[in-house]
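Peer 1: my questions are about this predicted structure, shown below with the sequence.
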Amino acid sequence: MKKIFELKEKNFNCIVIYLKSDNSEIIKKYLENKIKIFPKFFNNSPVVINISSLSPNINWIKIKKIITSMNLSIMGFTGCNNEILKKKIIKSGTPFLTTKNKKFLKYQNNKIIKKNYIINTPVRSGQKIYSRNADLIIINNVSSGAEVISNGNIHIYGSLYGRALAGADGNQESQIFCTKNFSELISISGEYWLIDQIPKKLIGKSVNFYLKNGFLDALKLN
């Protein structure tokens, strides 16, 4: 009999939104501001909503409507330890996602994800590369208009002209290293510098970006 289909386990790109407030107006304003800054990054993007910081009394339906009105597609929610709330959200048509499976490696209690995702080819303008379960290592250039994203660290052994976002899952220990920095945007755990905020002394240099006391900082390596 001819095989009709086959099942394979794959990882797909996805943004995780960590909600820190259940105030619908605050959520709306925050998302609007982020989308204005990164319109291409958020356009039609699938997202997972982490509600671990919210109380069990949230109005999920209202929050869901706000997020989907921003042209974002909710794949599911995570971070819910309240069984009553979990059942309500699932009943609304939003699946609960868990990362208990060992294959979903993550930063937790300072345990580092175990393997690296290596890219040997140039990252072209318009490309978006996301490494969820590993540090991202690019042994080439990242063009203007390209985005490289990782939940862990990012290493670029070439010129960075595009955007680099490390610690995308909220890990503040993540760092970015690049051999030649001409970046449009640098972000670690949501803290970011746009091109006009990056110190001129770092342009064209080998740089290590990291968070210090919750704020972006950088060390020129040459």
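Peer 2: Here it is on my side, so go on.

Peer 1: ranges for the strands of the chain?
Peer 2: Taking DSSP state E as the criterion, the chain carries its strands at 15-18, 46-50, 73-78, 115-119, 128-131, 134-138, 147-150, 154-160, 163-166, 176-181, 185-188, 191-194, 207-212, 215-220.

Peer 1: tabulate the ones you listed (JSON lines), appending distance to residue 28.
Peer 2: For glycine as for every other residue, the C-beta is placed from the backbone atoms N, C-alpha and C. Listed next are the strands of the chain as JSON lines, based on distance: least, Cβ to Cβ, whole Å:
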{"stretch": "strand 15-18", "distance to residue 28": "13"}
{"stretch": "strand 46-50", "distance to residue 28": "14"}
{"stretch": "strand 73-78", "distance to residue 28": "15"}
{"stretch": "strand 115-119", "distance to residue 28": "34"}
{"stretch": "strand 128-131", "distance to residue 28": "25"}
{"stretch": "strand 134-138", "distance to residue 28": "31"}
{"stretch": "strand 147-150", "distance to residue 28": "24"}
{"stretch": "strand 154-160", "distance to residue 28": "30"}
{"stretch": "strand 163-166", "distance to residue 28": "22"}
{"stretch": "strand 176-181", "distance to residue 28": "30"}
{"stretch": "strand 185-188", "distance to residue 28": "21"}
{"stretch": "strand 191-194", "distance to residue 28": "20"}
{"stretch": "strand 207-212", "distance to residue 28": "27"}
{"stretch": "strand 215-220", "distance to residue 28": "26"}
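
Peer 1: would you mind giving those strands as CSV with distance to residue 86, mean neighbour count and mean pLDDT added?
Peer 2: Below are those laid out as CSV (distance: least, Cβ to Cβ, whole Å; neighbours: other Cβ atoms under 10 Å; pLDDT from 0 to 100):
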stretch, distance to residue 86, mean neighbour count, mean pLDDT
strand 15-18, 17, 18, 81
strand 46-50, 13, 19, 84
strand 73-78, 8, 18, 83
strand 115-119, 31, 15, 82
strand 128-131, 27, 19, 88
strand 134-138, 29, 22, 90
strand 147-150, 28, 24, 92
strand 154-160, 34, 21, 94
strand 163-166, 29, 26, 93
strand 176-181, 35, 22, 94
strand 185-188, 31, 23, 92
strand 191-194, 31, 16, 90
strand 207-212, 32, 19, 94
strand 215-220, 35, 14, 93
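
Peer 1: to residue 97, which of the ones you listed lies closest?
Peer 2: Set against residue 97 and scored by Cβ to Cβ, the strands of the chain come closest in strand 73-78, at 4.0 Å.

Peer 1: what is the closest one packed up against?
Peer 2: Using 3 or more Cβ pairs under 8 Å, 6 or more residues apart in numbering; DSSP states H and E, the elements in contact with strand 73-78 are strand 46-50, helix 60-69.

Peer 1: contacts only, for residue 117.
Peer 2: By Cβ atoms under 8 Å, 6 or more residues apart in numbering, the contact set of residue 117 is 131, 133-137, 150.

Peer 1: could you do residue 211 as well?
Peer 2: 167, 172-174, 188-189, 191, 217.

Peer 1: could I get those residues as TSV with distance to residue 211?
Peer 2: Compiled in TSV, the contacts of residue 211 are given as follows (distance: Cβ to Cβ, whole Å):
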residue	distance to residue 211
167	8
172	5
173	8
174	8
188	5
189	6
191	6
217	7
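
Peer 1: out of the strands of the chain, which is closest to residue 61?
Peer 2: The closest of those to residue 61 is strand 73-78. By Cβ to Cβ, the value is 11.9 Å.
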